[in-house]
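S.K.: I would like to see how this sequence folds:
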Amino acid sequence: MEIDIPEVVAEVTAAFQRYEVALVTNDVAVLDELFWNDPRTIRYGATEILHGYEEIMAFRASRPSVGLARDLVRTVITTHGRDFATANTTFSRNGRLGRQSQTWVRMPEGWRVVAAHVSLMPAEA
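M.R.: From the prediction side, this is the model:
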């Protein structure tokens, strides 16, 4: 298996960047599009545990749309072959450091997140 085929890394990087723009602008339609529409899709967030595409969509529709801006600190995208990738990033928001990991799979309709996890580092005392 080839790791980090340049054109595949470019595709996943573009999908990741599209997701990031949608996240900070609260473009729910794009966020929903980029998650795999399947009951096996998982998103563990800073305050929520979501199993299945329907739960993820409901969360996105109801979350606040303010205070979403963040700065990415370090992003690592690794592709495994032509159809599987991971995207991991650390970010800063309101002085807090967070972590995000995503598993991306090439589906017939394009790259989709099949599993994601977001967490915040404990606030310093």
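S.K.: Closest to the centroid, which residue in this structure?
M.R.: What sits nearest the mean C-alpha location of the chain, by Cα atoms, centre = their mean, is Gln102, with 4.9 Å.
S.K.: so that one, which of the three states?
M.R.: Here Gln102 takes the strand state, with states given by DSSP: H, G, I helix; E, B strand; the rest coil.
S.K.: how close does it sit to Leu120?
M.R.: Gln102 is 16 Å from Leu120, where distance means Cβ to Cβ, to the nearest Å. C-beta here means a position set from N, CA and C on the backbone, and glycine is covered the same way.
S.K.: ok, then the element right after the lengthiest helix in the chain?
M.R.: Looking across the chain with DSSP state H, the single longest helix is helix 6-25. Per DSSP states H and E, the first helix or strand lying C-terminal to helix 6-25 is helix 28-34.
S.K.: How about residues contacting that following helix?
M.R.: 15, 18-19, 21-23, 56-57, 60-61, 111-113 (Cβ atoms under 8 Å, 6 or more residues apart in numbering).
S.K.: Go again with 7 Å.
M.R.: Applying Cβ atoms under 7 Å, 6 or more residues apart in numbering, the external contacts of helix 28-34 come out as 15, 18-19, 22-23, 57, 60-61, 112-113.
S.K.: and the residue nearest to the centre of the chain, bridged to which residues?
M.R.: Ala87, Ala116 (DSSP bridges).
S.K.: Tell me how many other residues surround Thr86.
M.R.: 15 (other Cβ atoms under 10 Å).
S.K.: distance of the closest residue to it other than its chain neighbours from Phe16?
M.R.: In space, and not counting its chain neighbours, Thr86 is closest to Thr78: 5.3 Å by Cβ to Cβ, 6 or more residues apart in numbering. Between Thr78 and Phe16 the distance is 12 Å, computed by Cβ to Cβ.
S.K.: Any regions of this protein where pLDDT drops low?
M.R.: By pLDDT under 70, the weakly predicted segments of the chain are 124-125.
S.K.: most surrounded residue in the contacts of helix 28-34?
M.R.: Tyr19 (23 neighbours).
S.K.: Apart from its neighbours in sequence, what residue is nearest that residue?
M.R.: Leu34 (5.1 Å).
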